[in-house]
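Asker: only geometry, no sequence info:
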Ligand SMILES: CC(=O)N[C@H]1[C@@H](OP(=O)(O)OP(=O)(O)OC[C@H]2O[C@@H](n3ccc(=O)[nH]c3=O)[C@H](O)[C@@H]2O)O[C@H](CO)[C@@H](O)[C@@H]1O
Ligand SMILES: C=C(OP(=O)(O)O)C(=O)O
């Protein structure tokens with residue numbers, strides 16, 4: 001298994017290009033199942049999760065061709081010849097559940113393995129299922145699979161989410177575009193990935209209003225056609241690299257970064273004493289002298305502080321001046337990076353969904369283990385600030401969501417390398 005070796009203590013300077021969003025691409029790809037005409041995505045990230053979704057779509061009969069070194073995904077779902085999303089693929093990635101809504105809407109039937117729990121929390125899919133039932137689907141759970149049917153097609157309905165779910169909003173939105181009549185989704189997620197999906201579906205002929213607000217209205221159409229769509233920049237990759245100069249010192253421009261994608265996060269980062277400037281090319285983050293100040297953080301659905309940046313922010317707080325309280329409100333088990341950061345000398349006290357971090361003057365390099373995607377990168381960020389060497393193992397988690405992390409960070413002066421097969 002590969003590991004990543006970071007030698008801390010170097011100030012960073014230069015540009016980091018921000019890729020297309022993993023989480024947008026993972027919902028845009030299943031949208032190809034809604035039409036028998038081609039859907040082409042540009043600005044796609046090169047990640048193992050995208051390869052997993054490619055494998056899943058191919059298993060259903062779709063064709064996905066990677067062009068321009070994987071940055072363009074040319075997809076065609078002319079023939080869907082298998083309506084079963086198999087456990088062996090679904091278990092690798094929870095976003096696989098996003099094929100359920102589109103397959104059901106287009107084919108009237110779908111069998112999809114339940115994804116199961118994962119390290120950061122139980123993550124049930126009950127809201128996805130409730131929403132599809134509201135559109136008239138009949139569902140049966142057998143042998144770990146959801147068997148969904150809508151023999152005479154889905155029908156528009158009003159569905160109010162009891163709490164905000166990104167994935168459930170995406171799944172039901174995709175199902176509703178081909179349902180008969182009007183669907184109103186209340187308390188819908190407002191994440192930029194939802195806006196991106198709605199914009200792409202509209203290019204394909206869907207009639208959608210209200211994306212980016214908590215009420216989305218969809219007027220069903222008979223069929224969708226082909227389209228070409230650029231994937232929105234990855235706000236989580238953006239936030240992660242904005243933290244790199246904040247932790248290591250120096251100045252980095254995240255090319256393609258936009259403040260509107262990360263406003264709650266950027267507000268907190270600015271409150272630590274770091275400078276953030278938006279320019280025509282992206283976001284420049286600089287920390288010139290001294291330690292950052294601690295801030296308190298509470299994760300929340302968009303436009304709140306993203307849970308997917310909590311681990312990385314915790315890494316910054318480890319060397320901040322003062323005490324920081326981080327509250328994780330989305331997932332029940334998302335502090336697994338804390339014990340690893342403590343191995344590097346961080347002072348963290350975790351109690352339930354609250355982590356209290358008392359900043360220390362410096363961290364010390366150590367061998368640490370990545371437990372999930374964002375935990376992995378938080379350890380790399382901590383390594384940039386630590387004295388000596390940090391070796392992060394289990395980097396396959398990282399490959400799910402960060403393309404060319406070594407190239408991007410060494411490009412701004414970090415001492416970082418991938419060690420193969422250890
Ligand atoms: C591929 C993708 O886009 N993943 C993102 C997506 O995950 P995902 O779409 O899985 O996250 P949700 O917004 O659905 O989850 C929010 C909360 O609702 C719970 N829940 C969700 C659905 C459901 O049917 N029942 C239920 O109880 C979850 O366990 C969690 O506690 O949004 C999360 C929250 O911003 C991000 O951390 C993930 O990176
Ligand atoms: C939790 C994440 O992804 P997923 O929902 O695919 O597990 C993430 O992107 O941080």
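Answerer: Okay, I see it. In this text the structure is predicted, and so the values were computed from the model without any measurement. Ligands and ions are numbered 1, 2, ... in the order given.
Asker: closest residue of the chain to ligand 1?
Answerer: residue 167 (2.7 Å; Cβ to the nearest ligand atom). C-beta coordinates here come from the backbone N, C-alpha and C atoms, glycine included.
Asker: list the contacts of that residue.
Answerer: 27, 94, 95, 97, 98, 125, 128 (Cβ atoms under 8 Å, 6 or more residues apart in numbering).
Asker: count of residues packed around the third one?
Answerer: A count of nearby residues for residue 95, using other Cβ atoms under 10 Å, gives 23.
Asker: helix/strand/coil for the residue of the chain most remote from its centre?
Answerer: Going by Cα atoms, centre = their mean, the residue of the chain most distant from its centre is residue 152, 34.4 Å out. Residue 152 falls in the coil class when you classify it by DSSP: H, G, I helix; E, B strand; the rest coil.
Asker: so who does residue 398 touch?
Answerer: Residues in contact with residue 398 (Cβ under 8 Å, 6+ apart) are 4, 370, 373, 376, 377, 380, 392, 405.
Asker: could you pull out the strands in the stretch 201-350 of the chain for me?
Answerer: 207-209, 215-219, 227-230, 250-255, 275-278, 282-287, 297-298, 323-327, 347-351 (DSSP state E, counting those that start in this stretch).
Asker: can you give the domain ranges for the protein?
Answerer: For the chain, the structural domains run 3-19+233-419, 22-230, going by automatic domain parsing.
Asker: returning to what we had before: sitting in helices, which of the contacts of residue 398 do you find?
Answerer: 373, 376, 377, 380, 405 (DSSP state H).
Asker: want to throw the domains of the chain into CSV with mean pLDDT?
Answerer: Shown next, in CSV, are the domains of the chain (pLDDT from 0 to 100):
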stretch, mean pLDDT
domain 3-19+233-419, 97
domain 22-230, 97
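Asker: output those as TSV; include the columns distance to ligand 2.
Answerer: Below are these laid out as TSV (distance: least, Cβ to the nearest ligand atom, whole Å):
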stretch	distance to ligand 2
domain 3-19+233-419	4
domain 22-230	5
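Asker: residue 153 reaches residue 179, doesn't it?
Answerer: Yes: if you go by Cβ atoms under 8 Å, residue 153 and residue 179 touch, sitting 7.0 Å apart.
Asker: any shared contact partners between these two?
Answerer: Shared contacts of residue 153 and residue 179 (Cβ under 8 Å, 6+ apart): residue 136.
Asker: wait, what's in contact with residue 125?
Answerer: By Cβ under 8 Å, 6+ apart, the contact list for residue 125 reads 97, 114, 115, 146, 167, 168.
Asker: cool, and residue 123?
Answerer: Contact analysis of residue 123 by Cβ under 8 Å, 6+ apart lists 94, 115, 117, 331.
Asker: ok, and the closest non-adjacent residue to the first one?
Answerer: In this case it means residue 94. Among residues not flanking residue 94 along the chain, residue 115 sits closest, at 4.5 Å (Cβ to Cβ, 6 or more residues apart in numbering).
Asker: do the third one as well
Answerer: For residue 117, ignoring the flanking residues on the chain, the nearest one in space by Cβ to Cβ, 6+ apart is residue 123 at 6.3 Å.
Asker: so that neighbour belongs to a strand, correct?
Answerer: No: counting by three-state DSSP, residue 123 is located in no strand; its state is coil.
Asker: measure it to residue 326 for me?
Answerer: Residue 123 is 20 Å from residue 326, where distance means Cβ to Cβ, to the nearest Å.
Asker: quick one: the helices in the stretch 1-150 of the chain?
Answerer: Using DSSP state H, counting those that start in this stretch, the helices of the stretch 1-150 of the chain run over residues 22-28, 48-60, 87-90, 100-107, 126-134.
Asker: ok, which of those helices comes nearest residue 413?
Answerer: Among these, helix 22-28 comes nearest to residue 413, with 25.5 Å by Cβ to Cβ.
Asker: what's the neighbour count on the spatially closest residue to residue 272 that is not a sequence neighbour?
Answerer: Nearest residue to residue 272 in three dimensions, chain neighbours excluded: residue 292, at 3.9 Å (Cβ to Cβ, 6+ apart). Applying other Cβ under 10 Å, we find 21 residues neighbouring residue 292.
Asker: show me what contacts residue 292?
Answerer: Per Cβ under 8 Å, 6+ apart, neighbours of residue 292: 246, 272, 273, 274, 316, 319, 320, 321.
Asker: likewise residue 224?
Answerer: With contacts defined as Cβ under 8 Å, 6+ apart, residue 224 is in contact with 34, 35, 37, 177, 178, 201, 204, 205, 206.
Asker: what's the burial count for the nearest residue to the fourth one once chain neighbours are set aside?
Answerer: By that I understand residue 177. Using Cβ to Cβ, 6+ apart and skipping the chain neighbours, the partner closest in space to residue 177 is residue 206 (4.0 Å). Residues lying near residue 206 (other Cβ under 10 Å) number 25.
Asker: burial measure for residue 34, as a count.
Answerer: Based on other Cβ under 10 Å, the number of other residues close to residue 34 is 24.
Asker: actually residue 143, not the one I wrote
Answerer: Residues near residue 143, counting by other Cβ under 10 Å, number 9.
Asker: can you tell me how far it is from residue 86?
Answerer: 12 Å.
Asker: near ligand 1, which residues of the chain?
Answerer: Neighbours of ligand 1 within the chain, by Cβ under 6 Å from any ligand atom: 23, 26, 94-95, 121, 123-128, 165-168, 307-308, 330-331.
Asker: pretty sure residue 204 contacts residue 32?
Answerer: No: shown here, residue 204 and residue 32 do not form a contact pair, counting by Cβ under 8 Å, at 9.3 Å.
Asker: mind listing the shared neighbours of the two?
Answerer: What both residue 204 and residue 32 touch, as defined by Cβ under 8 Å, 6+ apart, is the set residue 39.
Asker: that older thread, got the contacts of residue 292 as JSON lines, with neighbour count columns?
Answerer: As requested, the contacts of residue 292 are exported to JSON lines (neighbours: other Cβ atoms under 10 Å):
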{"residue": "246", "neighbour count": "29"}
{"residue": "272", "neighbour count": "21"}
{"residue": "273", "neighbour count": "17"}
{"residue": "274", "neighbour count": "21"}
{"residue": "316", "neighbour count": "28"}
{"residue": "319", "neighbour count": "22"}
{"residue": "320", "neighbour count": "22"}
{"residue": "321", "neighbour count": "15"}
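Asker: and these, which is closest to residue 351?
Answerer: Nearest to residue 351 among the contacts of residue 292 is residue 320, at 19.6 Å by Cβ to Cβ.
Asker: didn't the closest one look like it was pressed against residue 294?
Answerer: Yes: using Cβ under 8 Å, residue 320 is in contact with residue 294, at 4.1 Å.
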